[in-house]
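Chemist: Based on what follows, work out the 3D shape:
(chains A and B)
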Amino acid sequence: MTMPKDNPYLAHRHPTERAISSASTLNGASPSSREPLYGFVPRMVNADQVGQALEHDLNPFTKQPHTAQYKKILEARKKLPVFAQMTEFYKIFNKHQIIVMVGETGSGKTTQIPQFVAYSDLPHTKNKMVACTQPRRVAAMSVAKRVADEMDVPLGRQVGYSIRFEDMTEPGTTFLKYMTDGMLLREAMNDPDLNRYSTIILDEAHERTLATDILMGILKSLAQRRSDLKLIIMSATLDALKFQKYFAVSGGTPAPLFKVPGRTHPVEVFYTQEPEPDYVEAAIRTVLMIHRAEEPGDILLFLTGEEEIEDACRKIKLEADDLINSDPESVGPLICIPLYSSLPPQQQQRIFDPPPKAGSPDGPPGRKVVISTNIAETSLTIDGIVYVVDPGFSKQKVYNPRIRVESLLVSPISKASAQQRAGRAGRTRPGKCFRLYTEKDFMSELEEQTHPEILRSNLANTVLELVKAGIKDLVKFDYVDAPAPETLMRALELLNYLAALDDDGNLTALGSIMAEFPLDPQLSKMLIASPEFKCSNEILTITAMLSVPNVWMRPNNQRKEADIAKAQLTVPDGDHLTLLNVYNNYIQNQYDKNWTWNNYLSARALMQADNVREQLKRTMERFEVELISVQDQKKMFMAIRQSLCCGFFMQVAHKEGDKGNYMTVKDNQAVALHPSCGLDTQPEWVIFNEFVLTTRPYIRTVTDVRPEWLLEYASSYYDLDNWPDSEAKRALLRNKKKQAGKFEARFDQVETSKEGGGSAKKRKRKQG
DNA sequence: GAGCACTGC
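Modeler: All right, here's what the predicted structure looks like:
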């Protein structure tokens, strides 16, 4: 094995390595007056040494005396299961490059392991960092805050975090960094050797997010190039062996396992005798049964989506009120709290409200029921839950590479998911979990694990990031679970049509810039092309608006009012232009929350759009993508519609017949304009942002375009010779012929007419 | 004449 010359950890293999010494202390000084890290040799540190350093009066990283708060927190840390196994941890960590760690809920792994590593790596002495990734922003933030407190340092100095829109680190000072997995993946794209890190810890690896999966592949091969880099993969029990095998050393010996027990209470699991035909009805019945018959304690019910949840809330409330009225002596009051991601944060906070008080001083106590999507399975923990009701379903993303469509399907959950749900009942005391399916179905029908995201996603973005990170052969890339070859093919094909990759699959100059934008490739292509049409300011806004959740609110009881408000802001030429108009009005109204409220718009989504817009703007400036606008509105609208064609030429539909039926070009999928579409006519050609499969196939966020733009700005895709026959193809061929005729006619006339004259006429015709 | 599971850059 060859060692890189600048390997800072090679030193300890040589007698010249020096342990940290205390220049200021005299011989014979007592241990506590020495440097706290006196005698520490990087990666040969043991638990006794660390134990002493933790008890030292001085903070080894700030050289300041420890505060009283530090001592108090330290006592609590010592009670964590992971703390008791520090000796074992250092034995394994010092000896191996890659380790897999299993630590159940409550073990303290996320806060403690990175600190243990820091005491061994001593990254601050080598200008390195220890990184710990998290799948979610809030986790990265809150854990960093906790660890900064534990280490007695201000957040953002020695301990920091890095998430999109927020870098709370100080270069040169921060040596322990919590970050989102996506953020580390971005860094790997521009610095494939990740040289600033001495150890990288992937936390929650069992969740198998797309970014964590790709990072595992990248880090596995990086570990071979950088023998000084250590990796820790932290996961739940069920997946540990899979990761141990994946990270096996060259001889085939699995990576070593470091295991720490959790600290949770037992949960008793019950199954139904027979399968339940209607899981929502069964769930409501079970909640009421618990409320009537079980000891005090809050209930968590898992359902699949907003509508189901709101519906169940109403029904449970009604039934519970009936129960109380008929039997106030034995049934206490009950509140139902819905929980899903599109709820405003303020309403999400309600899950932490205490349960209602007893109706009378001697009456039965109240109970809280939280009805939640999967958000309560991983992202949010609610204390005080004693009963979990699990119907066994969730909405899951599925990707069909054949028609290039991602959609959401209600599907049975996995065993791992069911276990996670049950565990939510045992966080504060022993609990019960009611599964609304039979034990036999649990054993034989449920998959062991939820399919990793990489198998359920469109990979266009990921492929571009990987190519940018220098990974040449994506088919041979060492995936933990390899995606379907067709998924990769579809991604490569799209990137090639967008000119991000050349015909040999090499990154083009354009593709290299596209990869820098945190966007789908269609959007980044459109954005980069837009200065040519002199509307990059507007395309920037539209791109930001397309990158955030839906801005339109439509409350159940105010649909009519919401639709009227929306009509006021609608631009009939296309939904993309409407999005631009909404954003501009939002700015003109100075980000006014009342204005958004009165217009049935989501203030949260608009704020997010503004935030995204700023970030994208900075990237544009960095790569000198010019920011310009044409003043004339007619010209501007035309330019925007042309820019759209540069990115979304593969998402075009052609009207067939006069009944409003559309057919996507090339794929020939029958679709209809989504009812939310604001077009005042049914144009022959439209470009759409997304295809959604609900009650029928719809295209959503749609704008009127002209076929000649498609032929001109996406000539390689619209190479009609290779197309199967279709109405769209014949219409395109007719248009081509017409354009050629016009061109010749213009030649004959000598006098050329100005561009735009014809379009004004067309608009008049349309409106008249 | 609809509906956004959940993350992330």
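Chemist: drop to CA atoms for contacts and neighbour counts, all remaining ones
Modeler: Noted.
Chemist: and the closest residue to DNA strand B within the stretch 551-700 of chain A, backbone torsions?
Modeler: Nearest to DNA strand B in the stretch 551-700 of chain A, going by C-alpha to the nearest atom of the strand, is A:Thr694, at a distance of 4.0 Å. Dihedral pair for A:Thr694: phi -120, psi -110, per degrees, to the nearest 10.
Chemist: Identify the structural domains in chain A and state their residue ranges.
Modeler: Taking automatic domain parsing as the domain assignment, the ranges for chain A are A:68-260, A:267-455, A:479-628, A:652-733, A:738-767.
Chemist: tell me the mean pLDDT for the longest one?
Modeler: Across domain A:68-260, the average pLDDT comes to 94.
Chemist: other SSEs contacting the strand or helix carrying A:Phe83?
Modeler: For A:Phe83, the host element (DSSP states H and E) is helix A:81-84. The contact analysis (3 or more C-alpha pairs under 8 Å, 6 or more residues apart in numbering; DSSP states H and E) places helix A:81-84 against helix A:109-121.
Chemist: at 10 Å instead, please
Modeler: If contacts are counted by 3 or more C-alpha pairs under 10 Å, 6 or more residues apart in numbering; DSSP states H and E, helix A:81-84 sits against helix A:47-55, helix A:86-95, helix A:109-121, strand A:257-260.
Chemist: which other residues reach it?
Modeler: A:47, A:51, A:77-78, A:88-89, A:103-104, A:106-113, A:116, A:259-263 (C-alpha atoms under 10 Å, 6 or more residues apart in numbering).
Chemist: Of the residues you listed, just the buried ones, PyMOL syntax please.
Modeler: Buried residues within these, by 16 or more other C-alpha atoms under 10 Å, are selected in PyMOL with:
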select buried, chain A and resi 47+77+89+103+104+106+107+108+109+110+111+112+113+116+259+260+261+262+263
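Chemist: which SS state does the residue lying closest to A:Phe648 once chain neighbours are set aside fall under?
Modeler: Of all residues not flanking A:Phe648 in the chain, A:Gln522 sits nearest, at 5.9 Å (C-alpha to C-alpha, 6 or more residues apart in numbering). Recorded secondary structure, A:Gln522: helix (DSSP: H, G, I helix; E, B strand; the rest coil).
Chemist: A:Gln522: how many residues sit nearby?
Modeler: Other residues lying near A:Gln522 total 24 when counted by other C-alpha atoms under 10 Å.
Chemist: That one and DNA strand B: what is the separation?
Modeler: Distance, A:Gln522 to DNA strand B, using C-alpha to the nearest atom of the strand, to the nearest Å: 13 Å.
Chemist: quick one: that residue and A:Glu690, what's the gap?
Modeler: 12 Å (C-alpha to C-alpha, to the nearest Å).
Chemist: and for the two, which residues touch both?
Modeler: Among the neighbours of A:Gln522, those also in contact with A:Glu690 (C-alpha under 10 Å, 6+ apart) are A:Gln651.
Chemist: circling back to that earlier point, make sure the residue of the stretch 551-700 of chain A closest to DNA strand B is actually in contact with A:Glu406.
Modeler: No - assessed by C-alpha atoms under 10 Å, A:Thr694 is found out of contact with A:Glu406, at 11.8 Å.
Chemist: So for these two, which sits in the more crowded spot?
Modeler: Between A:Thr694 and A:Glu406, A:Glu406 has the larger neighbour count (other C-alpha under 10 Å), namely 18 against 10.
Chemist: where does that one fall, helix, sheet strand or coil?
Modeler: A:Glu406 is classified as strand under three-state DSSP.
Chemist: wait, what's in contact with it?
Modeler: Here A:Glu406 is in contact with A:Lys397, A:Val398, A:Tyr399, A:Asn400, A:Arg456, A:Ser457, A:Asn458, A:Glu690, A:Phe691, A:Val692, A:Leu693 (criterion: C-alpha under 10 Å, 6+ apart).
Chemist: from those residues, which ones fall inside strands?
Modeler: A:Lys397, A:Val398, A:Tyr399, A:Asn400, A:Glu690, A:Phe691, A:Val692, A:Leu693 (DSSP state E).
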